[in-house]
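In: got a predicted structure plus its sequence, pasted below:
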Amino acid sequence: MRFNPFHAALAFVLVVATAPVFAADQATERRAVEIVELRNRTPEQAQAVVGRLSDAEVDTLIREQATIDRLLAATPDPEAMTAEDRQTLWNSTKVIDSLIEGDRRIAEERLICQQERRIGSKLANRNCRTQAELDAERERGRADIERAQTRSRY
């Protein structure tokens, strides 16, 4: 095979053009491994966890950790945070835990807070529940309505 200057120049351009992408991927992977290590994992365990995550999951892991870092930088004591910030901190932690554990059910433990007013009152209460609790409550309500409709038919 003979030396072709065009092919050599093309190969050089490809290497130079893709080098920043590889560097960015390595930096992203390095950051993801650091995040997993923060949760009491050895470097080998952290590398294995990051290795099984998809690119989207790694991005989510880094984004949620950035949220936690931002919240703790503003207010280091979670007890001094606003209720919304504590909820965000809790939810971000649950998302990271679910990604690390590979268990999607952990993410269902995220808190969902709603302002609810009792019938006849103008004052709203803040109620926080997990998705599983909301689903169970919805199912109980559906079953109660179905039971009442079934009884009224006879």
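Out: Thanks, I have the structure now.

In: for the residue positioned nearest the centre of the chain, which non-adjacent residue is closest in space?
Out: The C-alpha lying nearest the average C-alpha coordinate of the chain belongs to residue 95 (Cα atoms, centre = their mean; 3.2 Å). What sits nearest to residue 95 in space, not counting adjacent residues and going by Cβ to Cβ, 6 or more residues apart in numbering, is residue 64, at 4.9 Å. (Each C-beta comes from the backbone N, C-alpha and C, glycine too.)

In: show me what contacts the one you found?
Out: Contact analysis of residue 64 by Cβ atoms under 8 Å, 6 or more residues apart in numbering lists 92, 93, 95, 96.

In: so which bits of the helix or strand where residue 71 lies are buried?
Out: Taking DSSP states H and E as the definition, one finds residue 71 inside helix 55-74. Applying a neighbour-count criterion of 16 or more other Cβ atoms under 10 Å, one finds 57, 58, 60, 61, 62, 64, 65, 67, 68, 71 buried in helix 55-74.

In: domain parsing for this structure?
Out: The chain breaks down into these domains under automatic domain parsing: 9-109, 111-154.

In: looking at those domains, which is buried most?
Out: The highest average neighbour count among those, using mean count of other Cβ atoms under 10 Å, belongs to domain 9-109 at a mean of 14.

In: chain center to it, what's the gap?
Out: The gap between where domain 9-109 is centred and where its chain is centred comes out at 9 Å by Cα atoms, centre = their mean, to the nearest Å.

In: rounded mean pLDDT for that domain, please.
Out: Across domain 9-109, pLDDT averages out at 81.

In: quick one: the helices in this protein?
Out: For the chain, the helices defined by DSSP state H occupy 5-37, 43-52, 55-74, 83-101, 131-153.

In: closest one to residue 122 among the ones you listed?
Out: helix 83-101 (20.5 Å; Cβ to Cβ).

In: ok so, going back, can you list the helices of the chain in TSV and add distance to residue 124?
Out: As requested, those are exported to TSV (distance: least, Cβ to Cβ, whole Å):
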stretch	distance to residue 124
helix 5-37	37
helix 43-52	41
helix 55-74	25
helix 83-101	13
helix 131-153	17
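
In: that's all I had, so thanks and see you.
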